[in-house]
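*Asks:* I would like to see how this sequence folds:
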Amino acid sequence: MKRLILILALALTVPWTCLADETGATTIAIAADDVRADAGTLAGHRSVSMGQPDEAILAAARDAGFVAVIDLRTAGEDRGFDEPAAVEALGMEYHSLEIAGAKGVTFDNAGALDDILADIDGPVLLHCKSGNRVGALTALRASMHGASDGAALEIGREAGMTGLETAVAERLSED
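*Replies:* Residues are numbered from 1 along each chain as shown. A predicted model of the protein is given here:
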């Protein structure tokens, strides 16, 4: 199943960017400094990827019909609130896929993300702290779905990948 991905990456500096990747998904990047996520922004999208959301963004996602949140942060990372409890209180599913930096950027973890996404029937909010891990796994997923290495790296960059680009390039060269 093809998914439409909306990237709300906190670190992006370009207010709006749009591209189509080789998996057929459309990626829209919105700099959170310029546009605050609300139900109208999120409506109509199958999945949203971003840096750490706050409780208002989680509520906006719920109001837009999102049914699940996938958190790529490790258990020891401070979220500023009890995210699993907040997500569940909003009536959404909470999933954790801990990606611990470059060591966690693997095709196995990209496949695990695909497995989680396949089991969710409805829109999904996917996040880490800054969008870097989201972008890295997005690049590997694009490769798994047939994107060239160059296209996968570009998709990852557009999705928020910064410091993990070297790790992604290494994984792509191993494949």
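*Asks:* quick one, helices of the chain?
*Replies:* With DSSP state H as the criterion, the chain has helices at 39-42, 55-63, 83-89, 107-118, 132-144, 149-158, 165-174.
*Asks:* what does the pLDDT read for A142?
*Replies:* Confidence at A142, expressed as pLDDT, is 91.
*Asks:* circling back: between the helices of the chain, which one is closest to H95.
*Replies:* Across those, H95 has its closest neighbour in helix 107-118 (5.3 Å, CB to CB). In this view, the C-beta of every residue, glycine as well, is placed from N, C-alpha and C.
*Asks:* which helix or strand in the chain has the lowest average pLDDT?
*Replies:* The weakest-scoring helix or strand in the chain, judged by mean pLDDT, DSSP states H and E, is strand 16-20 (a mean of 33).
*Asks:* on that earlier part again, okay if I get the helices of the chain as CSV plus distance to V69 and mean neighbour count?
*Replies:* Output for the helices of the chain, formatted as CSV (distance: least, CB to CB, whole Å; neighbours: other CB atoms under 10 Å):
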stretch, distance to V69, mean neighbour count
helix 39-42, 12, 16
helix 55-63, 7, 19
helix 83-89, 5, 16
helix 107-118, 11, 16
helix 132-144, 12, 27
helix 149-158, 21, 20
helix 165-174, 23, 15
